Structure formats: structure tokens, C-alpha cells
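Peer 1: would you be able to build a 3D model of this:
(one chain, ligands or ions: 1)
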Amino acid sequence: MDIFATMEYGPAPEAVTPALDWLKQHEPFGLLINNQWVKPASGQYIDSINPATGKPLTQVAAANSGDVDAAVAAARTAFESWGKTPGHIRARYMYAIARHIQKHSRLLAVLEALDNGKSIRETRDLDIPLVARHFYYHAGWAQLKSTELPGYEPVGVVGQIIPWNFPLLMLAWKIAPALAMGNTVVLKPARYTSLTALKFAEIMQEVGLPPGVVNILTGEASQVGEALVRHSDVNKIAFTGSTDVGRSIRRTTAGSGKKLSLELGGKSPFIVFDDADLDSVVEGVVDAIWFNQGQVCCAGSRLLVQEDIADRLLGKLRARMEKLRLGNPLDKAVDMGAIVSPGQLKEIERLVAQGVEEGAEMWQPSWACPTGGYFFPPTLFTNVSPATTIAQVEIFGPVLVSMTFRTPAEAVALANNTRYGLAASVWSENINLALDVAPKIKAGSVWINCTNMFDASSGFGGYRESGFGREGGKEGLYEYVKPIWEAQQTTHQPDEVQLILPDEHEKHENGYRTVETPNDFVLPPIDRTPKLFIKGKQVRPDSGYSLDVYDPEHHVVGQVGEGNRKDIRNAVEATHTASGWASGTTHNRAQILYYIAENLAIRAEEFARRIVQQTGRANADAANEVQTAISRLFSYAAWTDKYEGTVHRPPLRGVVLAMKEPIGVIGIACPEEYPLLGFISLVAPAIAMGNTVVVIPSQQSPLSATDCYQVFETSDLPDGVVNIVTGDTDALSQVLTDHDDVDAMWYFGSAEGSKRVELTSAGNMKRTWVNYGHARHWLDAVQGEGEEFLRESTQVKNIWVPYGE
Ligand code: NDP
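Peer 2: Just a heads-up that it's a prediction; the model follows:
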């Protein structure tokens, strides 16, 4: 009778014996190298602790760099055949893995709850089903690779480093696309949560995956993670974890040519407009910040509420928090489990204490947390100002900070007031408002009237300091492939061209022929010294210096301004004034690109002469470069309204709009060769996709780019979309890469310059695209234009729109 009166939950414990037996049978665990369990070279083991009790569960091997060498060698050998294995065969293995995950789903769910401290409700209903779904989905891509990604090959041996918050799910996000595309893998699970990766290793043995295709090394970051990142025979690193470690990996791999994808931290906004369904919102908040104890990179940790409903919503929220059930993760009626480690718990406590110290108001439910494990109660902060630590720093725990706004514009400004950009939720019953706000938020995923939705078909990843690269969706596959032609290019060898010397009378004349007048006077050419092109105006360089431009015979053929740090800063500022370029219509952008092509065509001969004069190449060759540049402008004008997004249909009632958005401000250092075509081939796709650019033209032959000023001026290109600063390529690139308001840097120069760009980009984790000193055949349509350029110009935002009542 008491139960009927209180409607209290009774205990609903999950049986733990099968998981404990499985652990007993295997301990101490070895490393999986070449599909064999091997002892760690160090002979050392580390305890795996149950965070809900603080007691050891088992011991796992502590690998060291010797084990990393062995695993990478195994993966390299395996790659020789796995990389050539037909897609259908890879698909069969991946299908089998998915099936076996389902066969062992309960064991995996219990192991995950024991090891991580998250509730069985989440591991059983979310983590493990999504793991299986990821392998099924990518089995499909393995099958389709040859037809859907022609011209691409696997990158080779991939090092993968994953965190502890979704141990098996992160493993699946990494391994599934890698295998689908034909790569082999060395994976390091997080130190605290290796157990499901070890069960996964056993599954790979069960399905008979060829030896060496996936190798799993447990152990410490300093021994395994760092060695993997530095290893010279690893072709790509895929990392999920903290922004600080991501930054250090970016610096370590700079210039090595290793492909890199980083999924980092977040401080995601959860925006509630006053017409939202508040009861749904409350459940949304529970899922946003108390799911997995808030240890979720995309947790909705900043609640932004429209002022007039704030008190009502916070009241409902406190009532709901009071009812949340926190405790034994293996109790099926528990909402929240334990924090993964004592260290993480201390960090949460420290940040919460700091929030109180900084003047915010803290609220926690009246009930007490269990003792014995690492528990922290759901926590709400109000009276938070946007600049305080708890509003800016990722807490990675069950702590929500709440702020208010009045207008949609203010909501967007608050939402974007963070260095991160992983995800956002927007709550409103007004679909027009929600779909208007979603594209304005700088984040890789936006959930409308829902939160923390994931599916293999919809890519996941960050903007800004939340990292780059996507996991899931077709876009995620490109993280694991490279164009086939790249393998053939090894040194910086521009295309062979026939050199001719300029005619005598063309020398020394700034590119303009002298004219014989009837009265025998020689009419000197009118001096024409191009300045810099900033915000649609030709401006003098701040330095007051000019640089000579030479022909191959070392005769001066003109001068250009010598740009410096200040000019770059002005140019970057100018790009921000042209923000309307991204929000304008694609039709309009296409029209302007066609118009640029039209105006360039009118002056084709003059541009060809300019190329001959600077490079000494044959007339026909130069004319071909100009015509190719015109054709390229046409290509990107064509793509502008055709390189569109996708609508995904994940297994829910709703759709996911995968929108290709511009990256923002792109710095571009043009190649030395092909002074006009190199310039146009990079600028055109960037602006076609809605970016604004600061361009450093070819240092030796900048006049082809500076001649474009007038073409741009007569083509209705809005001021500030293209800004050009001439001068020393490497010095100016350095300033651009250092600049926190530049979102991506493209560099086509030397190997050392490429390394510098990758190294410096770690400052604000900007995306980079560099050539490591390798030449590209710019005249060739496969290498010089196409989807690769469009992909580099865009990032995918997934907007989740569920429907139904
Ligand atoms: P870390 O970045 O320290 O660890 C993540 C992984 O990287 C672990 O496997 C870790 O190994 C390894 N690692 C740590 N240092 C190095 C290194 N120098 N070189 C190579 N590998 C290294 O993150 P935390 O474990 O502290 O996790 C919390 C943070 O991770 C949060 O701030 C959160 O934002 C972020 N995160 C982001 C996610 C995303 O998807 N964007 C997902 C999950 C977490 P070991 O375990 O042995 O230390």
C-alpha cells in the first residue's frame, strides 16, 4: 500500500555475474596485436576501477612505445592486403562485427556501465545500439566505396585515440569508417575505460578479421598516445578528447604530412524561446546535461532562456532535478551514475566552487549522493554573467549554467560567445524562428526541439576550437581517404614549360610596350604600381615600401606593395565587413563569378602577356593558363548553386538537414607557379561557397593577381570579399595563421612553410590545407579543381528537425 501511495521506484538491479566472470577469465588482459593477445613489453599492468564503488575490477596491460612499434608494423603489413581487399569483402566483415555486437549487447552494456560509471539504461539503450548501427552503416560504405568515392584510396595506417566518456561508441566512430575505406588501425582506448575495447578485440577474433587490421593497445597517454602520434609510419591520427591535448597533437604532427581529425571540447548552448513547450524543454535539459553525468562533449551546458519565462522554467527544472535518481549504474531505474574518476570529480568540484566564488547562485537537490563511489549531484547555476569561468570553461560534469536573453539576436550573440562550436539546441514551437536561428549558430550540430541526437548517417564534429573533421555521414569518409593522384607527386616539380625570352622592347617597361609617336618622341608608359586591395579599395602598403618584380632574366618588370602585419590585420577586418556575402543567395554569388570570368575574358590577351612577361613562358602556354582560369571561374559559378547539402533520414521521425556552410574567413597563400590560375583556382571555390578571403598572391609573379583588382571592381564583387596583400609569402602567411579571426589557412608553398602553418594554426585550432611542398598540376581538372576544393571551402552543419506531436 505504501508503494501505491508514494509511487517510489523499487530496485531493479542488472545481473553482473556474466560480466565479472568474463573479466575473471581474461585477467590480466593482454594487448591485441596481429589478432593475438600479447603481454605488454613493459610487463606492467594498470588497475581498472569501478567508479561507482572505487574498487578495482581487473587489470589491463600498460603498453609502451615498443608495443606501439609492433602494432604499427602489424597494421602496415595488414594494410598491404586489406587496402586492396574488395569493398564487398570488407563489408562482409563489418556486417559480421555489427551482428556480433548485437549478440553480445548485454555483456557490452554491463561492462560499459561497470567500467565508466554510466547507467545501464544509457549503455543498453543508447551506446551499444548506436555502436552496432555505426558498423552496419559503414558496412554499406565499404560496399559502395569504389562507385561512390572513385579516385580516392585509403590513407594507410591510422592511429586512433579515444576518450572515456563513450568508450565503445567512440571506438565505433573511429574504427568503422577507417575499415570501410580500407585502412588498418592501431587504437588506444582511454586509460580509465578499456574494457569494452577489449571485448571488441575478442569480437574481431570471433569474426576472423584478418590479423593486424585492427590492433588495440591499452595503457597510459604518455606511453602509448604520444608514441602513436609521433610514429613515422602512421599516416593519420584521429583523436577525440580535450582541446588542450588536441592542440598539442596538432603541433606534434605539423609538417609530417599525417592527416588529422580532432573532435574536441564544447560549451554548447541550449536556447529556449518563450513559446517553447516547457515540459518538453525540462526533459530536454535532463538529456542535455544530466545524460552521462554531463560528461558529454556536446552537453547543453549553457541554458539560455528568454527572460519572460525564465522563472517559470527554472521552477519546473528544480522540481524535476529533485526527482532525478542518482546511484548504482547497474540499477535500471537510475538516471545518473558515477563520475569516471576521482580526478574528474575533483575538477568538477573545483569549477563549481569557483562559480560560487564568482558570485553565481548554486542550486542542488535536497537528497544526498551515495558514498563510496565518485558521485556528483545535478547542479544548476543562476545569476551567471557570460564572462565568468563557469559560463566559458567546459566543466564536463552535471553542471548547468543559466542565463537570460530578450531577443533572438541576443540569443544568437550569447550562443556564439564561446571559443567552442560543437553543438546547440533550439527550442521553440515557431519553426520559422527555429530555422532562422539554427544557421546563425556556429556549431556542427543544431538540434531543434531535441538534443543529443546521434546517428551514423549524420556527421558529427566541431566548428572553431571544437576541432575539425567529421565522424559519420559521407563527409566522415573523406577523413580516411586521399586522392589517388597525390601518391604520384613526391617533390615540388612544377609542370615543364617552354621558356621564351621577352622581346627587347618589352623589357623594363612595366609590362606595357612603348609607343612610337608621329613626331618621333618616345612616349613613356604611364607608371602603374599596384597597391594592396583591401575592402574593395586599392590602398598603399603600411610599410611604405615596394618590392621589385622580376622576369626570369632578372629584369625588373614592375613593383608591388610590400604588405606587412598591419595590412593583413586590416584585410582580415575587411573580410568581416563582408559578412552579407555568406548570407546572400547562391544565385547572386554565381552571377558575380560569371561576371568576373566575363571581364577577365575581355582582357585575356593582356593577362596572357602579363604571364609571359613575369614567367618567360610561351604565349600559347600563357593564353592557355588564362583560358583555363576563365573556365575554372565558370566551374565554380556552376557549383555555387549545386554543391548543396543532403537530407538524412536517421531512424527517428524527422529529418536531418546536412547544410554545407562556409568556413568564414580563409587565408590563402597562392602557389608560385601559374600566377593567375593558381590564384583563381583557390579564390573562386572559397568565395563561391560564401567565404571571404585574404589572399597572398605568388611572391615571384604577383602582377597577375594585382591586375585582377580592376576585374573585381567591375564585376560587382562586394567590398571585403576578396582582399589581396602582396609581399613575402611566408612572413604574411605566418601573420594570417596567427590571427584568431581567421578560420582556415590554405598554403601552397614550401614544406617548411607548410609545417609552420600547421604548427601555428593550433592557436585557435583553425583548419589548414597545405601542400607539404608538393606540386599540383593546376591545369589538370582532376588536381586543379573540383570537389576537393569545395570540401575545403565548407563545413557541414547538421540540423536535426524531429516531427510529430
Ligand atoms: P584527454 O584529452 O586527456 O584524453 C583523451 C584521450 O587522449 C585518452 O585516450 C588519453 O589517454 C589520450 N591522451 C591524453 N594526452 C595525450 C597525448 N599527449 N598524446 C596522445 N594521447 C593523449 O581528455 P580527458 O580524458 O581529460 O577527457 C575530458 C575532455 O575530453 C573534456 O574536456 C572533453 O571536452 C573532451 N572530450 C571531447 C569529446 C568530443 O567528442 N569532442 C568527447 C569526449 C571528451 P589516457 O586516457 O591514457 O590519459
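
Peer 1: for G544, give me its contacts.
Peer 2: For G544, the contact set (CB atoms under 8 Å, 6 or more residues apart in numbering) is empty. C-beta here means a position set from N, CA and C on the backbone, and glycine is covered the same way.

Peer 1: can you do 10 Å?
Peer 2: Contact analysis of G544 by CB atoms under 10 Å, 6 or more residues apart in numbering lists 561-562, 564.

Peer 1: quick one: residues contacting W800.
Peer 2: 423, 425-426, 438, 445-455, 458, 648, 650, 652, 654-657.

Peer 1: got the CA coordinates for stretch 571-582 in PDB?
Peer 2: Output in PDB follows, covering the C-alpha atoms of stretch 571-582 (Å, rounded to 0.1, in the frame of the first residue of the first chain):
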ATOM      1  CA  ALA A 571      42.500  42.900 -44.600                       C
ATOM      2  CA  VAL A 572      41.100  40.500 -42.000                       C
ATOM      3  CA  GLU A 573      39.000  43.300 -40.600                       C
ATOM      4  CA  ALA A 574      37.700  44.000 -44.100                       C
ATOM      5  CA  THR A 575      36.600  40.400 -44.500                       C
ATOM      6  CA  HIS A 576      34.300  40.700 -41.500                       C
ATOM      7  CA  THR A 577      32.500  43.700 -43.000                       C
ATOM      8  CA  ALA A 578      31.500  41.500 -45.900                       C
ATOM      9  CA  SER A 579      29.500  39.000 -43.800                       C
ATOM     10  CA  GLY A 580      26.500  39.500 -46.000                       C
ATOM     11  CA  TRP A 581      28.300  37.600 -48.700                       C
ATOM     12  CA  ALA A 582      27.700  34.300 -46.900                       C
END
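
Peer 1: quick check: next helix or strand after the helix or strand of the chain with the lowest mean pLDDT?
Peer 2: When the helices and strands of the chain are scored by mean pLDDT, DSSP states H and E, strand 515-516 comes last with a mean of 50. Sequence order places strand 522-523 as the next helix or strand after strand 515-516, per DSSP states H and E.

Peer 1: walk me through which strands that following strand pairs with, and which way each runs.
Peer 2: strand 515-516 (antiparallel) (DSSP bridges).

Peer 1: how about the most centrally placed residue in the chain, what does it touch?
Peer 2: Centroid-nearest residue in the chain: F468, 1.5 Å away (criterion: CA atoms, centre = their mean). Neighbouring residues of F468 by CB under 10 Å, 6+ apart: 246, 250, 260-264, 444, 461-462, 479, 663, 743-744, 761, 765-768, 795.

Peer 1: which SSE is Q734 in?
Peer 2: Taking DSSP H and E as the criterion, Q734 maps to helix 729-738.

Peer 1: which element follows that helix toward the C-terminus?
Peer 2: By DSSP H and E, the next helix or strand past helix 729-738 is strand 744-747.

Peer 1: so for stretch 434-444, what gets flagged as buried?
Peer 2: Residues 434-435, 437-444 are the ones in stretch 434-444 that count as buried (16 or more other CB atoms under 10 Å).

Peer 1: find the nearest non-adjacent residue to A574, please.
Peer 2: Of all residues beyond its chain neighbours, the one nearest A574 is K535 (3.8 Å), with distances taken as CB to CB, 6 or more residues apart in numbering.

Peer 1: one more: A98?
Peer 2: F135 is the one closest to A98 (CB to CB, 6+ apart), at 3.7 Å.

Peer 1: so the one you found sits against R92, correct?
Peer 2: No: under the criterion of CB atoms under 10 Å, F135 makes no contact with R92, lying 11.8 Å away.

Peer 1: quick revisit: among the contacts of F468, which ones are in strands?
Peer 2: 260-263, 744, 767-768, 795 (DSSP state E).

Peer 1: if we can go back for a sec, check the contacts of F468 one by one and keep those near the ligand.
Peer 2: 263-264 (CB under 6 Å from any ligand atom).

Peer 1: buried ones from the contacts of F468, can you make that a PyMOL selection?
Peer 2: Command for PyMOL that selects the buried part of these, burial taken from 16+ other CB under 10 Å:
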select buried, resi 246+250+260+261+262+263+264+444+461+462+479+663+743+744+761+765+766+767+768+795
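
Peer 1: and whatever residue of the stretch 501-650 of the chain ends up closest to the ligand, helix, strand or coil?
Peer 2: Nearest to the ligand in the stretch 501-650 of the chain, going by CB to the nearest ligand atom, is P650, at a distance of 18.3 Å. Put simply, P650 is coil when judged by DSSP: H, G, I helix; E, B strand; the rest coil.

Peer 1: same deal with S385?
Peer 2: Under three-state DSSP, S385 comes out as coil.

Peer 1: how far away is it from the ligand?
Peer 2: Taking CB to the nearest ligand atom, to the nearest Å as the measure, S385 falls 23 Å from the ligand.

Peer 1: which stretches in the stretch 551-700 of the chain count as helices?
Peer 2: 565-577, 580-583, 586-602, 604-615, 619-640, 677-688 (DSSP state H, counting those that start in this stretch).

Peer 1: deepest-packed of those, please.
Peer 2: Most buried of those, by mean neighbour count (mean count of other CB atoms under 10 Å): helix 677-688, with a mean of 27.

Peer 1: could you pull up phi and psi at K174?
Peer 2: phi -90, psi -50 (degrees, to the nearest 10).

Peer 1: specify the beta-bridge partners of the residue lying closest to it once chain neighbours are set aside.
Peer 2: Spatially, and ignoring its direct neighbours in sequence, K174 is nearest to Q160 (4.2 Å; CB to CB, 6+ apart). Under DSSP bridges, the beta-bridge partners of Q160 are L187, A238.

Peer 1: tell me how far Q160 lies from the ligand.
Peer 2: Q160 is 10 Å from the ligand, by CB to the nearest ligand atom.

Peer 1: ok, that residue touching T240?
Peer 2: Yes: counting by CB under 10 Å, Q160 does reach T240; the two are 8.7 Å apart.

Peer 1: need the residues touching each of these two.
Peer 2: Shared contacts of Q160 and T240, counting by CB under 10 Å, 6+ apart, come down to 170, 173-174, 261.

Peer 1: top of those residues by neighbour count?
Peer 2: With neighbours taken as other CB atoms under 10 Å, the top of the shared contacts of Q160 and T240 is M170, carrying 28 neighbours.

Peer 1: for that one, which non-adjacent residue is spatially closest?
Peer 2: I162 is the one closest to M170 (CB to CB, 6+ apart), at 4.0 Å.

Peer 1: need the per-residue pLDDT for that neighbour.
Peer 2: In this model, I162 is scored at 98, pLDDT.

Peer 1: do you know how far it is from S222?
Peer 2: 16 Å (CB to CB, to the nearest Å).

Peer 1: which one's more surrounded, those two?
Peer 2: I162 (26 against 9).

Peer 1: wait, the more buried one touches P189, no?
Peer 2: Yes: the pair I162 / P189 is scored as a contact, 5.9 Å apart, by CB under 10 Å.

Peer 1: identify the contacts common to those two.
Peer 2: Common contacts of I162 and P189 (CB under 10 Å, 6+ apart): 168, 170-171, 197.

Peer 1: any chance of the residues you listed in a markdown table, with secondary structure, distance to A637 and pLDDT too?
Peer 2: Converted to a markdown table, the shared contacts of I162 and P189 look like this (DSSP: H, G, I helix; E, B strand; the rest coil; distance: CB to CB, whole Å; pLDDT from 0 to 100):
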| residue | secondary structure | distance to A637 | pLDDT |
| --- | --- | --- | --- |
| L168 | helix | 46 | 98 |
| M170 | helix | 41 | 98 |
| L171 | helix | 43 | 98 |
| A197 | helix | 49 | 98 |
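
Peer 1: quick check, I663 in contact with M689.
Peer 2: Yes: using CB under 10 Å, I663 is in contact with M689, at 8.1 Å.
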